[in-house]
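J.: A predicted structure for the sequence below; I have some questions about it.
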Protein chains: 2
Amino acid sequence: MALLVTKFGGSSVASMEKIKNIALRIKGMRDQGNDIVTVVSAMGDTTDELIDLAAKTGGSDCCREMDMLLATGEQQTAALLALTLKGMGCQAISLAGWQAGIESDNSYSKAKICGVHPSRIEDELALGNVVVIAGFQGISPEGDITTLGRGGSDTTAVALAASLDAKRCLIFTDVDGVYTADPRIVKEANKLKTVSYGEMLEMASLGAVVLQPRAAEYAMHYNVEVEVLSSFSFNPGTIITEVGKMEKQRMVSGVAHDRNCARFALFDVPDQPGVAKDLFKALAQNSINVDMVIQSAMRDDRNDIAFTIEKNDLKKAIPIVEELVKYLGASGMSYGDDVAKVSIVGAGMQSNPGVAADMFEALADEGINIHMISTSEIKVSCLIDEAEIEPAVKTLHRKFKLGKVD
Amino acid sequence: MALLVTKFGGSSVASMEKIKNIALRIKGMRDQGNDIVTVVSAMGDTTDELIDLAAKTGGSDCCREMDMLLATGEQQTAALLALTLKGMGCQAISLAGWQAGIESDNSYSKAKICGVHPSRIEDELALGNVVVIAGFQGISPEGDITTLGRGGSDTTAVALAASLDAKRCLIFTDVDGVYTADPRIVKEANKLKTVSYGEMLEMASLGAVVLQPRAAEYAMHYNVEVEVLSSFSFNPGTIITEVGKMEKQRMVSGVAHDRNCARFALFDVPDQPGVAKDLFKALAQNSINVDMVIQSAMRDDRNDIAFTIEKNDLKKAIPIVEELVKYLGASGMSYGDDVAKVSIVGAGMQSNPGVAADMFEALADEGINIHMISTSEIKVSCLIDEAEIEPAVKTLHRKFKLGKVD
């Protein structure tokens, strides 16, 4: 008898039929003798419909009230799933975030969980209930309903698994695990049996969002074993765990790519303290995230600075950067959205210094030009022309023999 | 500067356009310097749509989970109204029942308010907020969400007005007050400026549901002055208050009628202790409410018993009563749904014993046969053939000169 925390996302609960399917699945796990806590998202389009209604109020920039509104979506799913389980003869109870003891700060619409007090959940488990919890929400110190922002239900599930000391946190989604590359590009891509927390984090931030980065961070911090698997099949998924628990050390675990990139270059920026700060502060104040950055010393006193942002922020960024070019006294700028990022990720590359070189070689052999490079301990990313992204992913997948892992 | 509690029902918040209209109205009252607490119901069909979803779960007989589900409807309206007010530049905050301190018992789906702890509301009023509260819901001693059953939002509003010591509780609805008779039947029916709590209670239980009976009882108990008025016009409504505060004493305030009646008669029931108990207990166990009852001594040892129930309970009641006829040893029974009830209501009739006689005379003059009579201190009801209900209402309205009241 183990305690399992399961999480079902919006596409897994998009209709009453789908809710029935997951109820059967939960009942199956319960009948095998497990204690089950289930976190659910809002049904399919519910959240979007509520946002549309709110847009008509003229006041939808008030985050507290938006959270009050949006949190109802998850509460509805939780109640409907509990009713469905009970209809199948499986004891169940639903709890809203505030009832489940999910305490957050009061950053409405993007609140962070700051504590979990699961005594009510434990009581309900002791009574033999499957405990269905409205994900994506918490309660602020003031007693107000908050929502946790993007991927909030994943984070709810991982936080609950940590505080309940669950055996495993099962994240059911519409993909069935983490692959060595996007199977739509690389036919021989493999599903990984395990990935490390760090690899998962890198892959998520590189565009392969299977588990939300914040949930992955939380899992890493509290050492929660997470399995990502499909709600539509019974195949085993991918287990996200400590590096030490992985069944074998790989140099490279996967190839990720991200087309959501745009690039800027500023020419002849005077080399004086505070330039980079001015640039990135102006972008941050407009909620534009900068991803890759390079600064190249051309001459003693002037640099070129290049960086990438998300493609959909490009329009917003252009006038800001134009303003800065003048302010900083740069000689000019260029920008474009014809780029993409290809990355290799692997916990094993820390101890294998030749990996980056292998990557550059493989791209060069394919005649692919690299515009920018950024590295971390467990990944190397290259910015290339978007038109070359598919051959790049394919050649790297071959180069690191990912068709044969696990 | 007065504190007003206002309540808007489902038809007043059925669309975003209607929510905007009531927001304007609330803002108007606020701009006049009043503190405002507003209780709202779920938008139009929301509750029915949620009930439909729940019906597909196979578990919709679980009241706790149903309450968890249905309470989201009012929470959504509350958030949307707060957003709309804020969009108009009117400071506002929404609170769910549990946040507003509405404490109830745990009779899910028909919970009763057992206490109000309005400290959060008072804090928000002090901050200058219009406080928008999700009606129809409370929190049980166990910390679970409850719904208050039929008319629950009216009761929420009256209970809040009592605990906040509000100047008045304004119930906005789709009728603009309490009339001397149904204006669809009696063209010269008048809107009453005032009615007493007792009259309102009788009228509501007689089918003229302007304020829910439970809310009227609560208002009477805590002496809350209630005004019922239209959300679609700016006409003054009807004030429900103590008898002593009414501007003039009327003998009869109004004529009510109710077509939702069915009748039973049991013949030659042995006259022995416990017979009535057996009969009405069997009906109550099947959730069938008995309204009028007469027991007539035909001979020394056998009685006829006649009673009425709601028309839609007739089918369910027939086999139960047939069973009882056998069990009690009665000689037979009859039943039918071709009846209706006409009533006169007036706090003043307590001190005017001739009123009932006037009523019977008026009906006799019209050639209308009376099947059953029931009286209380402030009303007289007669069961008549349904076909004669309109002439009955008209003649009584004339008889008691209700075309000229107020």
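T.: Cool, got the structure.
J.: Does chain B have contacts with whichever strand or helix holds A:E65?
T.: A:E65 belongs to helix A:63-87 when assigned by DSSP states H and E. Yes: judged by CB under 8 Å from any CB of the partner chain, helix A:63-87 and chain B are in contact via A:64-66, A:68-69, A:71-72, A:75-76, A:78-80, A:82-87. (Each C-beta comes from the backbone N, C-alpha and C, glycine too.)
J.: Quick check: residues of the stretch 101-250 of chain A near chain B?
T.: The stretch 101-250 of chain A has residues A:R120, A:G143, A:D144, A:I145 near chain B, with proximity defined as CB under 8 Å from any CB.
J.: helix, strand or coil for the first one?
T.: Which is A:R120. helix (DSSP: H, G, I helix; E, B strand; the rest coil).
J.: Contact partners for it?
T.: Going by CB atoms under 8 Å, 6 or more residues apart in numbering or on different chains, A:R120 touches A:L95, A:Q99, A:A100, A:G101, B:G143.
J.: same deal with A:I185?
T.: Going by CB under 8 Å, 6+ apart, A:I185 touches A:H257, A:E390, A:V393, A:K394.
J.: which strand of chain A spans the most residues?
T.: Counting by DSSP state E, the longest strand found in chain A is strand A:254-270.
J.: Give me the contacts around the helix or strand immediately after that one in the chain.
T.: Note on strand A:254-270: by DSSP H and E, the next helix or strand toward the C-terminus is helix A:275-285. Residues outside helix A:275-285 that contact it (CB under 8 Å, 6+ apart) are A:266, A:269, A:289-290, A:293, A:295, A:303, A:305, A:307, A:309, A:317, A:320-321, A:323-324, A:327-328.
J.: got the angle for helix A:275-285 vs strand A:254-270?
T.: Comparing the axes of helix A:275-285 and strand A:254-270 via axes from the mean of the first three to the mean of the last three CA atoms, to 10 degrees yields an angle of 120 degrees.
J.: which of the residues in helix A:275-285 are buried?
T.: Across helix A:275-285, burial judged by 16 or more other CB atoms under 10 Å in any protein chain shown covers A:V275, A:L279, A:F280, A:A282, A:L283.
J.: re the thing from before, report the buried members of the contacts of helix A:275-285.
T.: Among the contacts of helix A:275-285, the ones that count as buried by 16+ other CB under 10 Å are A:L266, A:V269, A:V290, A:N303, A:I305, A:F307, A:I309, A:A317, A:V321, A:L324, A:L328.
J.: related to what we said a few turns ago, any idea of the mean pLDDT in the longest strand of chain A?
T.: In this model, strand A:254-270 has a mean pLDDT of 91.
J.: what's the offset of it from the middle of its chain?
T.: Put simply, strand A:254-270 sits 20 Å off its chain's centre (CA atoms, centre = their mean, to the nearest Å).
J.: Pull up the pairing partners for it, direction included.
T.: Each strand paired with strand A:254-270, and its direction, by DSSP bridges: strand A:302-309 (antiparallel), strand A:332-345 (antiparallel).
J.: Looking at the contacts of A:I185, which is nearest chain B?
T.: For the contacts of A:I185, the closest approach to chain B (CB to the nearest CB) belongs to A:H257, at 39.6 Å.
J.: Flag every buried residue along stretch A:7-27.
T.: A:7-14, A:16, A:18-23, A:25-27.
J.: Kindly report the domain assignment for chain A.
T.: Using automatic domain parsing, the domains assigned to chain A come out as A:3-174, A:255-404.
J.: right, so those: which one is the most enclosed?
T.: Mean neighbour counts were compared across these using mean count of other CB atoms under 10 Å in any protein chain shown; the top stretch is domain A:3-174, at a mean of 22.
J.: The helix or strand of chain A with the lowest mean pLDDT to strand A:302-309, inter-axis angle?
T.: Taking mean pLDDT, DSSP states H and E as the measure, the helix or strand of chain A with the lowest value is strand A:290-297, at a mean of 80. Interaxial angle, strand A:290-297 versus strand A:302-309 (the same axes, to 10 degrees): 170 degrees.
J.: tell me what strand A:290-297 is packed against?
T.: Counting contacts by 3 or more CB pairs under 8 Å, 6 or more residues apart in numbering or on different chains; DSSP states H and E, strand A:290-297 packs against helix A:275-285, strand A:302-309, strand A:372-376.
J.: got any ranges where the stretch 151-300 of chain A has weak pLDDT?
T.: For the stretch 151-300 of chain A, applying pLDDT under 70 flags the ranges A:207-208, A:246-249, A:297-300.
J.: picking up where we left off before, ok, of the residues of the stretch 101-250 of chain A next to chain B, which one's closest to chain B?
T.: Using CB to the nearest CB, those come closest to chain B at A:G143, 6.2 Å.
J.: Is it correct that the closest one falls within a helix?
T.: No: counting by three-state DSSP, A:G143 falls outside a helix, being coil.
J.: Most proximal residue of the stretch 301-406 of chain A with respect to chain B?
T.: Relative to chain B, the nearest point of the stretch 301-406 of chain A is A:K316 (24.2 Å; CB to the nearest CB).
J.: helix or strand for that residue, which one?
T.: Secondary-structure assignment from DSSP H and E places A:K316 in helix A:314-328.
J.: Looking at that helix now, give me its mean pLDDT.
T.: Averaged over helix A:314-328, pLDDT sits at 92.
J.: For it, which outside residues touch it?
T.: Helix A:314-328 is contacted by residues A:262, A:264, A:266, A:269-270, A:275, A:278-279, A:282-283, A:286, A:288, A:309, A:330, A:332-333, A:335, A:337 when judged by CB under 8 Å, 6+ apart.
J.: switch the cut-off to 10 Å
T.: Helix A:314-328 is contacted from outside by A:261-270, A:272, A:274-275, A:278-279, A:281-283, A:285-288, A:290, A:305, A:307, A:309-310, A:313, A:330-333, A:335-337, using CB atoms under 10 Å, 6 or more residues apart in numbering or on different chains.
J.: that older thread, near chain B, which of the buried residues of stretch A:7-27 show up?
T.: Here is what survives when those are matched to chain B using CB under 10 Å from any CB of the partner chain: A:M16, A:I19, A:K20, A:A23.
J.: for these, which one is nearest chain B?
T.: A:M16 (4.4 Å).
J.: who's in contact with that closest one?
T.: The contact partners of A:M16, taken as CB under 10 Å, 6+ apart, are A:M43, A:L80, A:T84, B:D52, B:L53, B:A54, B:A55, B:K56, B:T57, B:G58.
J.: likewise A:L402?
T.: By CB under 10 Å, 6+ apart, the contact list for A:L402 reads A:179-181, A:186, A:188-190, A:192, A:250, A:252-255, A:344, A:346, A:396.
J.: now, the most widely separated pair of those?
T.: Pairwise distances across the contacts of A:L402 peak at 17.8 Å for A:E188 and A:G346 (criterion: CB to CB).
J.: how long is stretch A:191-206 from one end to the other?
T.: Taking CA to CA, to the nearest Å, the first and last residues of stretch A:191-206 lie 17 Å apart.
J.: ok so, going back, which of the ones next to chain B among the buried residues of stretch A:7-27 fall in strands?
T.: Among these, no member falls in strands (DSSP E).
J.: Can you add distance to A:G33 and pLDDT and give these back as CSV?
T.: Shown next, in CSV, are those (distance: CB to CB, whole Å; pLDDT from 0 to 100):
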residue, distance to A:G33, pLDDT
A:M16, 28, 96
A:I19, 23, 97
A:K20, 22, 97
A:A23, 18, 97
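J.: between those residues, which is nearest B:E377?
T.: Of all these, A:M16 has the smallest distance to B:E377: 51.5 Å, by CB to CB.
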